[in-house]
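**Student:** take a look and give me a structure for this.
(2 chains)
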Amino acid sequence: SQQGEEDPQALSIQEGENATMNCSYKTSINNLQWYRQNSGRGLVHLILIRSNEREKHSGRLRVTLDTSKKSSSLLITASRAADTASYFCATGSRSARQLTFGSGTQLTVLP
Amino acid sequence: EAQVTQNPRYLITVTGKKLTVTCSQNMNHEYMSWYRQDPGLGLRQIYYSMNVEVTDKGDVPEGYKVSRKEKRNFPLILESPSPNQTSLYFCASSYSQNTEAFFGQGTRLTVV
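**Tutor:** Numbers count the residues shown, from 1 in each chain, chains lettered A, B, ... in the order given. All right, here's what the predicted structure looks like:
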């Protein structure tokens, strides 16, 4: 069952620009996580934000969470060609027995 | 190094020939799960395990079996593979069901 939905489905930007991806979800959550997947490879955890947090930073990544709107955004600043990948949000809740992944945003950073 | 190891990475098999994809983690995680990833459908959970000898169905369990006899291993078994099980499979482990998940490198399975 998919709870998170990313927007846009695909995003193409120039190197050096910022990339913003959004995630919306339906039910209450304990935390929201963002993952990155290079083509055909395993997902790699980027950042976790708890439901009582509004913003979190990690290097060039900035994540915001608005529980009233049931949405989150991932901002990648000063993007690089190596940031080209698919990005997924995943929600965790005490009631669910699994992380629930969205369908992902395909980011392409052009050199 | 903390890791989840899946084998094999690539597998081509014929319809009906039983196969097992192995998964092992070295982080002493209690929670392990299997996902399949298909274009346009995202990641869908097949089975999960919350501890040794405790397994349960995910969203798409039909045609699959799992076992959890040891904490570190969680093999995925296809007793009679069919072409609609052609997919990219991922094993993942985590401390609990909604904490950071560590993924294996994936197994690309083709059933002809």
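
**Student:** in chain B, what residue comes closest to chain A?
**Tutor:** residue B:98 (2.5 Å; CB to the nearest CB). All C-beta atoms are positioned from the backbone trio N, CA, C, and that covers glycine.

**Student:** wait, doesn't that residue sit right on residue A:31?
**Tutor:** Yes: the criterion here is CB atoms under 8 Å, and residue B:98 meets it with residue A:31 at 6.3 Å.

**Student:** mutual contacts of these two, please.
**Tutor:** residue A:92 (CB atoms under 8 Å, 6 or more residues apart in numbering or on different chains).

**Student:** more neighbours: those two, which one.
**Tutor:** Ranked by neighbour count (other CB atoms under 10 Å in any protein chain shown), residue B:98 and residue A:31 place residue B:98 first, with 25 against 19.

**Student:** the residue of chain B closest to chain A is in what secondary structure piece?
**Tutor:** Under DSSP states H and E, no helix or strand contains residue B:98.

**Student:** could you find the closest non-adjacent residue to it?
**Tutor:** Of all residues not flanking residue B:98 in the chain, residue A:92 sits nearest, at 2.5 Å (CB to CB, 6 or more residues apart in numbering or on different chains).

**Student:** over to residue B:16?
**Tutor:** Going by CB to CB, 6+ apart, residue B:16 has residue B:80 as its nearest residue, at 5.0 Å.

**Student:** ok, now which ones touch the one you found?
**Tutor:** B:15-16, B:18, B:63.

**Student:** same question for residue A:58.
**Tutor:** Here residue A:58 is in contact with A:46-47 (CB under 8 Å, 6+ apart).

**Student:** ok so the residue nearest to residue B:16 is a strand residue?
**Tutor:** No: per DSSP: H, G, I helix; E, B strand; the rest coil, residue B:80 lies outside any strand segment and is coil.

**Student:** any idea how far residue A:21 is from it?
**Tutor:** 40 Å (CB to CB, to the nearest Å).

**Student:** does chain B have contacts with stretch A:28-42?
**Tutor:** Yes: applying CB under 8 Å from any CB of the partner chain, one finds that stretch A:28-42 is in contact with chain B at A:30-31, A:33, A:35, A:40-42.

**Student:** please name the bridge partners of the closest residue to residue B:107 other than its chain neighbours.
**Tutor:** With sequence-adjacent residues excluded and distances taken as CB to CB, 6+ apart, residue B:107 is closest to residue B:89, at 4.6 Å. Legend: beta-bridge partners of residue B:89 under DSSP bridges are residue B:36, residue B:107.
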